[in-house]
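Chemist: the following comprises the amino acid sequence and a computationally predicted model.
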Amino acid sequence: MNYGDRVRGVYQQQLSDIREAGLFKQERFIHSPQAADIDVEFPAGADIQKVINVCANNYLGLSSNPEVIKAAHEGLDRRGYGMSSVRFICGTQDIHRELEKQVTEFLGTEATILFPSCMDANAGVFEAILTKDDIMISDRLVHASIVDGMRLCSAEHDTYKHGDMDHLEKKLQQFQDKRMRVIINDGVFSMDGDTAKLDEIVQLAEAYDAMVFVDDSHASGFIGKTGRGTHEKYGVMGKIDIITTTFGKALGGASGGCVSGRSEIVEMCRQRARPYLFSNAMAPVIISGVLKTFEILNRSTELRDKLEENARYWRNGLTEAGFILKKGDTPIVPVMLFNAKLSQDFSRDLYGEGIYAIGFFFPVVPKGQARIRTQLSAGHDKHHLDKALEAFIKIGKKYKILGKTEEDIIEMYGM
Amino acid sequence: MDEVKDAILEYVIEEYADEDDKITFDTPLISSGLVDSFSMVSLKRFLEVRYKISIPDEDASPEAFDSVNKIADLVRRFTS
């Protein structure tokens, strides 16, 4: 088909519809390394502004850590730039195998396989291990990449109400006729910052003969006393059958992901997971950086401890100021504004005050649940948080929402 | 037909609604984000078992499941 005016018009109309719905995404250009303080050009062509970043997944502040950068440089020198191959042809170096071993030990699992991203891990794992005789039962708020992975799999799927263990139990009872059952969860839910109750989920899995899958992308490296993840927090290490996670957030923030869990499941992924079979091996430079992040985390819990303290300080500050927060104890702290336009205006005003935080609204979150999602980092020092709190309070006062209830705010601004 | 609509509404509320959701016969379910298309599986299964019908996948579209009224119309098509 020729890319003529008619075809061009179809796409132009679709893009126009996206703009009109207020859903058009625009990138902000960062002219500095990822960190608590960044230099941002926004909108395109505007003067560069120094801002405090409270919306990165840079939970441990390792994205620009000097030790990680040095290790990455050394990896580049010793093992080269690219692999020019998938893993099973000629794309596996000793350091790929070493990273898989390190991840296995860190997460307390049986085996691990690397993927180009956690999106790829989630896209590939279900199809590799399940058939049409099986059922996937997922929490309704699982990440989009898990939803895509389930769509690619021939097994039947169903959902249960977010965090509702009675509803999950009902579903497990309903699907006892299936060959295998898998309960599917995020460890930390990225939009709400709450955690899956893995102790109760494991109990149900044992009672109803099900496997447990957890995507711990927003947990690996910092949730739990030694940062192993949500399974450590809930005391069920060794009982989660499949963990997927990313190296693109706390663990250096570059890219890459993995499936870690039962050895047979990992081996099935090595034989059948299409993103593993048909995309390039992770680059040696990134492997080398991630290996260093594990060395840092195995040495001390200092970073995750600082992150925990930062999150507590931030939550307390916002709560005392009179904001409504989603309940939780993770470094994801959603500030609830309920109205979509208010969330966008609030974000814009924050940027004017030198604070970079994004407003989320439907369809990313449910209707009437618009919010500013803030994310803490061990890279934040107290002065960052104090300045950000000051800005939040100033703008909160401007919109007269401090100390107000959800009903008050909805009455003032609508859903 | 009201009995069918009542039964579907009761199921939808129990299965999908949170405490403060107010669902009526006309409330958009999927286009509003109240029910994600993934969760339609259990609804389809409920209809097929309760009304002893088989709804082909091509008829179980998000549009056809977008309100209790529309779902009741679908059930009527396959029971008549």
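Modeler: Yep, that arrived.
Chemist: for the stretch 201-350 of chain A, just list every one of the helices.
Modeler: Along the stretch 201-350 of chain A, counting by DSSP state H, counting those that start in this stretch, helices occupy A:230-233, A:263-272, A:274-277, A:284-299, A:302-321, A:340-352.
Chemist: looking at chain B, which helix or strand is least sure?
Modeler: Among the helices and strands of chain B, helix B:40-50 carries the lowest confidence by mean pLDDT, DSSP states H and E, at a mean of 86.
Chemist: and that one, is it in reach of chain A?
Modeler: Yes. Judged by C-beta under 8 Å from any C-beta of the partner chain, helix B:40-50 and chain A are in contact via B:41-42. Backbone N, C-alpha and C define where each C-beta goes, glycine included.
Chemist: send over the next helix or strand along the chain from that helix as PDB, restricted to the C-alpha atoms.
Modeler: Using DSSP states H and E, the helix or strand that follows helix B:40-50 in sequence is helix B:68-79. Taking C-alpha atoms only, helix B:68-79 is exported to PDB below (Å, rounded to 0.1, in the frame of the first residue of the first chain):
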ATOM      1  CA  VAL B  68     -25.800  -4.800  31.500                       C
ATOM      2  CA  ASN B  69     -28.400  -3.900  28.900                       C
ATOM      3  CA  LYS B  70     -26.100  -4.900  26.100                       C
ATOM      4  CA  ILE B  71     -25.200  -8.100  27.700                       C
ATOM      5  CA  ALA B  72     -28.800  -8.900  28.200                       C
ATOM      6  CA  ASP B  73     -29.400  -8.300  24.500                       C
ATOM      7  CA  LEU B  74     -26.600 -10.700  23.700                       C
ATOM      8  CA  VAL B  75     -28.000 -13.400  26.000                       C
ATOM      9  CA  ARG B  76     -31.400 -12.900  24.300                       C
ATOM     10  CA  ARG B  77     -29.800 -13.400  20.800                       C
ATOM     11  CA  PHE B  78     -28.400 -16.800  21.900                       C
ATOM     12  CA  THR B  79     -31.400 -18.000  23.900                       C
END
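Chemist: may I see the buried residues of helix B:68-79?
Modeler: B:68, B:70-72, B:74-75 (16 or more other C-beta atoms under 10 Å in any protein chain shown).
Chemist: now swap in stretch A:396-414 and tell me
Modeler: A:396, A:399, A:401-402, A:404, A:409, A:413.
Chemist: stretch A:336-356 now?
Modeler: Buried-residue list, stretch A:336-356, by 16+ other C-beta under 10 Å: A:336-340, A:342-347, A:349-351, A:355-356.
Chemist: these also near chain B: which ones?
Modeler: Counting by C-beta under 8 Å from any C-beta, no member of the buried residues of stretch A:336-356 is near chain B.
Chemist: one step back: the least confident helix or strand of chain B to helix B:68-79, inter-axis angle?
Modeler: 50 degrees (axes from the mean of the first three to the mean of the last three C-alpha atoms, to 10 degrees).
Chemist: quick check: buried residues in helix B:40-50?
Modeler: B:40, B:42-44, B:47.
Chemist: show me what it is packed against.
Modeler: Applying 3 or more C-beta pairs under 8 Å, 6 or more residues apart in numbering or on different chains; DSSP states H and E, one finds that helix B:40-50 contacts strand A:156-160, helix B:2-16, helix B:68-79.
Chemist: just the mean pLDDT for the last one, thanks.
Modeler: The one in question is helix B:68-79. Averaging pLDDT along helix B:68-79 yields 91.
Chemist: what pairs with the residue in the stretch 51-200 of chain A positioned nearest to chain B across the strands?
Modeler: Closest to chain B within the stretch 51-200 of chain A is residue A:159: 4.5 Å, counting by C-beta to the nearest C-beta. Residues in a beta bridge with residue A:159, per DSSP bridges, are residue A:138.
Chemist: what's the neighbour count on it?
Modeler: By other C-beta atoms under 10 Å in any protein chain shown, 27 other residues sit near residue A:159.
Chemist: not counting sequence-adjacent ones, nearest residue to residue A:148?
Modeler: With C-beta to C-beta, 6 or more residues apart in numbering or on different chains as the criterion, residue A:148 has its nearest non-adjacent residue at 5.6 Å, and that residue is residue A:123.
Chemist: please apply the same query to residue A:31.
Modeler: Counting by C-beta to C-beta, 6+ apart, the nearest residue to residue A:31 once its immediate chain neighbours are dropped is residue A:39, at 4.4 Å.
Chemist: tell me the contacts of that neighbour?
Modeler: Neighbour list for residue A:39: A:30-32, A:48-51 [criterion: C-beta atoms under 8 Å, 6 or more residues apart in numbering or on different chains].
Chemist: format the buried residues of helix B:40-50 as TSV; extra columns: distance to residue A:297.
Modeler: Shown next, in TSV, are the buried residues of helix B:40-50 (distance: C-beta to C-beta, whole Å):
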residue	distance to residue A:297
B:40	42
B:42	41
B:43	44
B:44	46
B:47	50
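Chemist: from these, pick the one nearest residue A:328.
Modeler: residue B:42 (28.0 Å; C-beta to C-beta).
Chemist: so that closest one makes contact with residue A:156?
Modeler: No. Look at residue B:42 against residue A:156 with C-beta atoms under 8 Å: they stay out of range, at 10.1 Å.
Chemist: returning to that earlier point: switch the helices and strands packed on helix B:40-50 over to TSV; also include distance to residue A:387.
Modeler: Formatted as TSV, these follow (distance: least, C-beta to C-beta, whole Å):
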stretch	distance to residue A:387
strand A:156-160	41
helix B:2-16	42
helix B:68-79	50
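Chemist: which one of the ones you listed lies closest to residue A:379?
Modeler: Comparing the helices and strands packed on helix B:40-50 by C-beta to C-beta, strand A:156-160 comes nearest, at 35.9 Å.
Chemist: and the closest one, what does it pack onto?
Modeler: Using 3+ C-beta pairs under 8 Å, 6+ apart, strand A:156-160 is in contact with strand A:135-139, helix A:165-174, helix B:40-50.
Chemist: follow-up on the earlier one: go through the buried residues of helix B:40-50 and say which is closest to residue A:234.
Modeler: The closest of the buried residues of helix B:40-50, once distances to residue A:234 are taken by C-beta to C-beta, is residue B:42, at 26.9 Å.
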